[in-house]
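Asker: what shape does this take:
(2 chains)
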There are 2 protein chains.
Amino acid sequence: MITFEINKKDGSARTGCISTSRGIINTPAFIPVGTNATVKAMDQHELKELGTEIILSNTYHLYLRPGHETIKTLGGLHKFMNWHGPVLTDSGGFQVFSLSPLRKINGDGVTFRSHLDGSTHFLTPELVMDIQAALGSDIVMAFDECTPYPASREYALKSLELTTGWAKRCFEARKSDQALFGIVQGGTYIDLRKQSAEALIELGFDGYALGGLSVGEPKELMYEMVNYITPLMPEKKPRYLMGIGDLLDVLEAVSAGIDMFDCVMPTRNARNGTLFTSRGRISIKREEFKTDTNPLDPDCNCHTCKNYSKAYLRHLFTNREILSMRLNTLHNLYFYLDFFIKMREAIKKGEFRKFRKEQTLILQNNFNEG
Amino acid sequence: MITFEINKKDGSARTGCISTSRGIINTPAFIPVGTNATVKAMDQHELKELGTEIILSNTYHLYLRPGHETIKTLGGLHKFMNWHGPVLTDSGGFQVFSLSPLRKINGDGVTFRSHLDGSTHFLTPELVMDIQAALGSDIVMAFDECTPYPASREYALKSLELTTGWAKRCFEARKSDQALFGIVQGGTYIDLRKQSAEALIELGFDGYALGGLSVGEPKELMYEMVNYITPLMPEKKPRYLMGIGDLLDVLEAVSAGIDMFDCVMPTRNARNGTLFTSRGRISIKREEFKTDTNPLDPDCNCHTCKNYSKAYLRHLFTNREILSMRLNTLHNLYFYLDFFIKMREAIKKGEFRKFRKEQTLILQNNFNEG
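Answerer: Here you go, the predicted structure:
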C-alpha cells in the first residue's frame, strides 16, 4: 500500500510524496524505465547514486522473458534485479498493442503473438494482476487497451468500455497489498475521457493514470486532454501521465497537477547521442566537438561531466562504444532527476511559473549550445 | 623511461615491477585491451577500482579515429580518456595485417586501406613512432610485420628482415622519453626467431616482445617458440608475449620467464557470455542458470558476484542488455587480475610449480561447474 501527501500547491502544480514500504517517492516524480528489469546501460548502484526513487519495469517483457513465475521463484523482481527501492510495473497493455505482430481482443482478454519468438499468448486482466503480484511490484497498473490515434468516436468508446470493464476485473482480482492504479482512456474525446475517469473513480483506485496520450496526436490536443482531465482526477491521489517525458510536456502537465511521469526519452536519447544540458539539447556526434575539451555541461555535477570531455564522448559515440551509452545515459538521467528536484523546489517556493518560463526557453534550444 | 626490477625468481618464472612515471606495474602483468581508448564496457574508475596497473591501446585504431594529431591537441591519450595510469600502445602492425582489406609492403612502409571507410594510408616506422609520441604512451612498440602462420621459411626470413629494419628505424626515430620495445618475429623457425632476437638486442631496447604467436599455429609449436626464445631475451629487461591471454598459455609462458601479457580474451569472452570462475569456465546462457540465485562464483569478491545472481546475469545476457556486457566484463577482468596477483604471490613464495598444477586442473574445466 501507499500513502500520498501533498506538501505544497502552486496553482494547480503540487509537490508531495508517495510513501511505500520500500521508500519515499518525491513528486512530481520521474520514473526511469527498466524494461527488462534493467534501466538500459545502468547498474543498480548507479541508479541509487543518481537518487532514483522509483523505476518502472514492463509486465509484457518480463512475462515473456524470463517469465513471471521464474521471477517469483527467484524471490520477486526486487531481489531478482537487486533493486530495493520502489518499482512500478505497467499493465502490458501498451506493449501488446505496440509490439505484438498480432492481437485479437475478445471480452475476456487479448490474444497476441510474442515479438520475440512468435508464440501465442492470452492476456486477461486477472493474468495481468497475477503477473504483477508474482513480480511483487509496489505499484501495479490495471490492464487497459491503449486507444490508438486517430480513432473514431465509436472505436474510442468501445475501447474505453473495454478498459473500464478490465479495470473492474483487475480491482476484483487484486490479492496482495500492492497499490493499484486505474488508467483513464477515451482517445481524444473529452466526454469519453470524463466518462472513463468517472468510472474508475467510482471503483476507488490508489492512484490514477492518463494513458493513450503522446501516441501520435498533435501536441495541442494532448495538452487539451491533460488540462481537461487532470482536475477531474481525485485531488488526494497520485496522478500519473504515462509514457510522457518531453520536459516541455512535463512542465505543462505538472502545471495541470500531474505527479508522476515515466519515459524512455532520457535513456533512449542518450544511446542515440542526444544529450540534455543546462543550455539546451546537444547532439554529441557533431564535428565541432572533436577537439572540445570541455565537459558536456559545465554546470552539471554528474560523473560524466566531472570526468570526461565532449571530445571523448564524441569519440566513444562515433565508435559505438558501450562506454558511450553508459556515460550518456548517466548524464541524461542525472539531468532529468535534477530537473525534477528543481521543479519540486520551485513549487515549494511558489515559483513554478517562473521556473517553467525559464526552463521553456532553455528546452527549446535543441541541438544548439548558444 | 621505465626501470625494471626483478624481486624474486622461481625456476625461470620471475616476479618484479616496472616503474614508470605514471605508476608501477607488478609483473607478471596482465594488460587489459582498450582498443579505441576505452576498455570495452568499462569506465575508467572501474579499471582503477579493479586494480588495473596498465592498459593497452591500439595505434592503428587511434590513428584512424579520432587521429593521433587530434589526441595530441587534446593533451595526449591519458588526458583524452581520463586514465592516468601507464599506457602501452602497440605498433599497429598486427591490425594492418589483420583488419585492412588491402596492404602492400614496400621498403619504406605499408600502404593499407582503412577497415572503417576504405581510405588509403601509408604507415612507416617513423610515422608509427610519431603517432605513439603524439598519443604520449608510456611504452611504445616498434613497427613490425606480424608474420602469418603458416609461412614459408623464405617468407618468414624476408618478413623478419623487414621487421628488423623497421625496428632500427623506430629506434632512430625515437624522440621522446617513452620506453621502446622491439618485437621478435621469425614465424615458427627457431633459428629465424633467434636471428630476430639477436638483431634487436644489439640495438638495445627497453623491453622485448614476442610477436606473431597464437596466429593459428598448434599450441605445441607456440610453446616450443616461447620456451626457446624467452631465455634468449635479456634477463634484465621486461619480456612481453603479445596478444596471448589463455591462462594455460600464460602459465606456460610465465614458467619460461615472460613478464607481460595483453589479450582481449577476458573482455571479449565476457561480451559473448563466457565467464571465468574459480571452478572453471561458465557459459552464462545455459538453461540451468535460469533459476539459479547463486553468484557466478561464490569465491569471488567482484561487484558482479557480490550483487547479482546467475539467474539475473543469464536474463541480461539473453536480452543482450548493456548491463550484461558490463557485469560480465567486470567479473572477467577481476578474475584475470586476481589470477595474476595469485601467480605473483606463488612465485614470491617459490610455489609457482604447485600453483600452475592446481590452476591447470581448474582451467581445463571449460563450461563445467563440477
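Asker: so where do the strands sit in the stretch 51-200 of chain A?
Answerer: If DSSP state E, counting those that start in this stretch is used as the criterion, the strands of the stretch 51-200 of chain A fall at A:55-57, A:87-89, A:103-106, A:109-113, A:120-123, A:139-141, A:179-184.
Asker: chain center to the first one, what's the gap?
Answerer: What separates the centre of strand A:55-57 from the centre of its chain is 8 Å, taken as C-alpha atoms, centre = their mean, to the nearest Å.
Asker: again, but for stretch A:58-70
Answerer: Taking the mean C-alpha point of stretch A:58-70 and that of its whole chain, the gap between them comes to 19 Å (C-alpha atoms, centre = their mean).
Asker: name the nearest residue to A:Cys305, ignoring sequence neighbours.
Answerer: Nearest residue to A:Cys305, sequence neighbours excluded (C-beta to C-beta, 6 or more residues apart in numbering or on different chains): A:Pro295, at 4.1 Å. The way it works is simple: take the backbone N, C-alpha and C, and place the C-beta from them, glycine included.
Asker: list the contacts for the residue located most distally from the centre of chain A?
Answerer: Most distant from the centre of chain A: A:Thr291, at 36.1 Å, with distances by C-alpha atoms, centre = their mean. The contact partners of A:Thr291, by C-beta atoms under 8 Å, 6 or more residues apart in numbering or on different chains, come to A:311, B:70, B:73-74.
Asker: how near is it to A:Lys285?
Answerer: 14 Å (C-beta to C-beta, to the nearest Å).
Asker: quickly name whichever of the contacts of A:Thr291 is closest to B:Glu224.
Answerer: Looking at those and their distance to B:Glu224, the nearest is B:Thr70, at 43.2 Å (C-beta to C-beta).
Asker: quick one: residues contacting A:Ile139.
Answerer: Contacts of A:Ile139 were listed using C-beta under 8 Å, 6+ apart, and they are A:2, A:20, A:54, A:86-89, A:178-181, A:206-207.
Asker: would you turn those into JSON lines with distance to A:Phe112?
Answerer: Supplementary listing: these in JSON lines, determined by distance: C-beta to C-beta, whole Å:
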{"residue": "A:Ile2", "distance to A:Phe112": "30"}
{"residue": "A:Thr20", "distance to A:Phe112": "31"}
{"residue": "A:Ile54", "distance to A:Phe112": "28"}
{"residue": "A:Pro86", "distance to A:Phe112": "28"}
{"residue": "A:Val87", "distance to A:Phe112": "24"}
{"residue": "A:Leu88", "distance to A:Phe112": "22"}
{"residue": "A:Thr89", "distance to A:Phe112": "18"}
{"residue": "A:Gln178", "distance to A:Phe112": "24"}
{"residue": "A:Ala179", "distance to A:Phe112": "26"}
{"residue": "A:Leu180", "distance to A:Phe112": "23"}
{"residue": "A:Phe181", "distance to A:Phe112": "22"}
{"residue": "A:Asp206", "distance to A:Phe112": "27"}
{"residue": "A:Gly207", "distance to A:Phe112": "26"}
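Asker: and those, which two are furthest apart?
Answerer: The widest separation within those, taken as C-beta to C-beta, falls between A:Ile54 and A:Leu180 and amounts to 15.7 Å.
Asker: near chain B, anything from the longest helix out of those in chain A?
Answerer: For chain A, the helix that runs over the most residues, judged by DSSP state H, is helix A:322-348. Yes - when contact is scored as C-beta under 8 Å from any C-beta of the partner chain, part of helix A:322-348 falls within range of chain B: A:322-323, A:325-327.
Asker: contacting residues for the residue nearest to the spatial centre of chain A?
Answerer: In chain A, the C-alpha nearest the mean C-alpha coordinate belongs to A:Asp262, at 1.3 Å (C-alpha atoms, centre = their mean). Under the criterion of C-beta under 8 Å, 6+ apart, the contact list for A:Asp262 reads A:30-33, A:56, A:88, A:240, A:242-243, A:245.
Asker: end to end, how far does stretch A:179-189 reach?
Answerer: Chord length of stretch A:179-189, first to last residue, is 28 Å (C-alpha to C-alpha, to the nearest Å).
Asker: oh, that last question was meant for stretch A:345-357, not what I typed.
Answerer: 15 Å.
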